[in-house]
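> No letters, just coordinates:
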C-alpha cells in the first residue's frame, strides 16, 4: 500500500469553508489539492440538504420541527408541530370557549365529562359514550316546586324532595314534526320505597313516559307510566324489574313516528330493548319532550348528562 509523505513541504490549504481532496506526486509527496463542493452552511443550526447539489436549509424558529415537504426545493422545511392531540385538565367551568384544533382534549376534574375537539365543536363524552350535554337554559321548567337544580358540575342535577303521592317534576323542550325520537342518559341516586326518573312526551298537561327507579321497594324498576296531570296518575304498563343494571348510565328513549310511540331502554346507548309500543295519539298529542322525576314517597336525585331530540 502506498503512503503519503507528510514530511514533504505541502501547499497551503485553501481558506473558507471548502472541502478539498489532497493529491500526491509519483513519490507520494503531497503536491496539491482539488477543491470539492463548497460547504454552504453559515449559521448555527443550519442543516445540509441536497437537490442537484449540496445546499443550506437555514435553521428554523424555536419550537419548530424539520418536516418533509416535496414542494420545497430541498424536500424539507421547518414548521410548527401539529397542535392536535393536546390534553388539558381543569374544572368544567374553565372549558375553553374557543375550540382548538381537532384532537385536543379537555378532562374535567369536577365533572364526569371529557371533551374532545372535532375542530369546530367540543364533543362531550361520559364513560367513553359520545353524549349531548344538556344546558338548563335550553329547557322550560314546569312543575318544579319540589326540585332544586344545580349545573356547576356539568349536565343538569335534579334533587327532588319526597312527595306524598304522585307529583311529577319536569323540564321540557318543544318537539319537531314527526318522525322523531328523544333519548336521555342519566345517573340515579335513591334507595327504597317508590320514586323514578324518565323521558316522556306531553301536551302541556298530560304526560306519557318511560321511567326507571324504585317501585314499592323493588330496585331497577322500569315501566311506561301516564299522568292526567302533574299529580293525577292514570296508568302503568309493562312494569317490572330488569334485575341487575350493568351500565354506568341509564339510557331511555321514546320514539314518535306519527303512528306509534315506542318506548325503549339501553345500558350503553347503542343496543336498545323495546319495552312497549302503542298508538301515537291514543293518550295525548305531543307538543313537548321532557325529562322528569316523580318522588312519590322518597327523595330522589338524578344527574341528566345527555338529552337529544333526533329527527
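That came through fine. Remember, predicted model here, so these are calculated numbers, not experimental data.

> Tell me where the stretch 1-150 of the chain has helices.
Per DSSP state H, counting those that start in this stretch, the stretch 1-150 of the chain has no helices. Nothing in it meets that criterion.

> Which parts of it are strands?
In the stretch 1-150 of the chain, the segments counted as strands under DSSP state E, counting those that start in this stretch are 18-24, 30-38, 47-50, 54-57, 65-68, 76-79, 87-90, 105-108, 113-117, 122-126, 129-131, 140-142, 147-150.

> Below-threshold pLDDT in this structure: ranges please.
The chain contains residues with pLDDT under 70 at 1-39, 81-85.

> Per the annotation, how does it divide into domains?
18-79, 87-126, 136-310 (automatic domain parsing).

> tell me the most buried of those domains?
domain 136-310 (a mean of 18; mean count of other Cβ atoms under 10 Å). Any C-beta I mention is one placed from the backbone N, CA and C, and that applies to glycine too.

> Can you give the distance from it to the centre of its chain?
25 Å (Cα atoms, centre = their mean, to the nearest Å).

> What is the end-to-end distance of it?
Start-to-end span of domain 136-310 (Cα to Cα, to the nearest Å) is 19 Å.

> Contacts only, for residue 123.
115-117, 130 (Cβ atoms under 8 Å, 6 or more residues apart in numbering).

> Let's have the strands of the stretch 1-150 of the chain in JSON lines, adding distance to residue 188.
Below are those laid out as JSON lines (distance: least, Cβ to Cβ, whole Å):
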{"stretch": "strand 18-24", "distance to residue 188": "77"}
{"stretch": "strand 30-38", "distance to residue 188": "76"}
{"stretch": "strand 47-50", "distance to residue 188": "61"}
{"stretch": "strand 54-57", "distance to residue 188": "61"}
{"stretch": "strand 65-68", "distance to residue 188": "49"}
{"stretch": "strand 76-79", "distance to residue 188": "50"}
{"stretch": "strand 87-90", "distance to residue 188": "27"}
{"stretch": "strand 105-108", "distance to residue 188": "20"}
{"stretch": "strand 113-117", "distance to residue 188": "18"}
{"stretch": "strand 122-126", "distance to residue 188": "14"}
{"stretch": "strand 129-131", "distance to residue 188": "16"}
{"stretch": "strand 140-142", "distance to residue 188": "20"}
{"stretch": "strand 147-150", "distance to residue 188": "15"}
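
> Of all these, which one comes closest to residue 295?
strand 147-150 (8.6 Å; Cβ to Cβ).

> Indicate each strand paired with that closest one and its parallel or antiparallel sense.
strand 156-160 (antiparallel) (DSSP bridges).

> elements contacting the helix or strand just after the partner strand?
Next helix or strand after strand 156-160 toward the C-terminus (DSSP states H and E): strand 169-174. Packing contacts for strand 169-174, counted by 3 or more Cβ pairs under 8 Å, 6 or more residues apart in numbering; DSSP states H and E, involve strand 140-142, strand 156-160, strand 195-202, strand 288-294.

> let's see 7 Å
Counting contacts by 3 or more Cβ pairs under 7 Å, 6 or more residues apart in numbering; DSSP states H and E, strand 169-174 packs against strand 140-142, strand 288-294.

> what's the closest of the ones you listed to residue 159?
Nearest to residue 159 among the helices and strands packed on strand 169-174 is strand 288-294; the distance by Cβ to Cβ comes to 9.4 Å.

> So for residue 287, which of the strands of the stretch 1-150 of the chain sits nearest?
Using Cβ to Cβ, the strands of the stretch 1-150 of the chain put strand 140-142 closest to residue 287, at 11.4 Å.

> What pairs with the closest one, parallel or antiparallel?
strand 169-174 (antiparallel).

> Could you check the angle the partner strand makes with strand 288-294?
Interaxial angle, strand 169-174 versus strand 288-294 (axes from the mean of the first three to the mean of the last three Cα atoms, to 10 degrees): 170 degrees.
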